[in-house]
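[1] have a look at this prediction, sequence included:
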Amino acid sequence: AARIDNAGEYTGIGATVGITADKIVILEPYKDYPADKAGLKAGDEIIKIGNINVADFKEDAGELLKGAPNSNVELTFKRRGEIKTTTLTRGAVEIKAVPYYKLLEDNSAYIVLSQFNRNASAETVKALKELKDQGADKIILDLRGNPGGLLSEAINVANIFVPEGQLITSTKSAVEKYNQT
């Protein structure tokens, strides 16, 4: 459970979780992230977050795990029938804008751009340079599942591929002076 905002901050516990009506199950804690540091393992069932029983919480219990980076929350969990508690310190985790890229057999640069966070254009340029050095002469920019993000970064990424002087985007505002092209 995590919230991803436009800047690409991932604030949470650093684990994939399964949420059922009465518990949250840790599916995979990422090494050296908050859940792992708190000693949680795959299969642990979180039954209480702070002083709230997950079973009694009618909304999305995953919301209870969220919070400001570096804030603490006490978790009560079940491991192989045993009840244990631990304190988890939430973290801020950067998510990569370009999680994957490679040179394909036909000399195509294949770049996955997963979101337009503040590193999007820099990471795209870095991947493209590396793949050009390996002989790439065409490009596939994979934007499937990209939820968007910062307009300024989307424009910077378009700038990499569009000739100078071409219109990329314009924004219209009720207040004339905020119109941008």
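    Great, that's in hand.
[2] okay, now the unreliable bits of this structure?
    1-11, 93-95 (pLDDT under 70).
[3] what residues sit buried inside the longest helix seen in it?
    As assigned by DSSP state H, the longest helix anywhere in the chain is helix 120-133. Under the neighbour-count criterion of 16 or more other CB atoms under 10 Å, helix 120-133 has 120, 121, 123, 124, 127, 128, 131 buried. All C-beta atoms are positioned from the backbone trio N, CA, C, and that covers glycine.
[4] same thing with stretch 97-107?
    97, 98, 101, 103.
[5] again, but for stretch 52-59
    54, 57.
[6] got a list of contacts for that stretch?
    The contact list for stretch 52-59 (CB atoms under 8 Å, 6 or more residues apart in numbering) reads 21, 22, 23, 24, 46, 47, 48, 61, 64.
[7] please name the bridge partners of residue 171.
    Assessed by DSSP bridges, residue 171 has beta-bridge partners residue 180.
[8] make that residue 45, sorry
    As assigned using DSSP bridges, the partners bridged with residue 45 are residue 25, residue 78.
[9] all strands for the protein, in order.
    Secondary structure of the chain (DSSP state E): strands located at 2-4, 9-12, 15-19, 24-29, 45-49, 52-53, 72-79, 82-89, 91-94, 100-103, 108-112, 138-142.
[10] let's have those strands in CSV, adding distance to residue 172.
    Putting the strands of the chain into CSV (distance: least, CB to CB, whole Å) gives the following:
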stretch, distance to residue 172
strand 2-4, 28
strand 9-12, 29
strand 15-19, 41
strand 24-29, 44
strand 45-49, 44
strand 52-53, 45
strand 72-79, 44
strand 82-89, 45
strand 91-94, 33
strand 100-103, 35
strand 108-112, 31
strand 138-142, 27
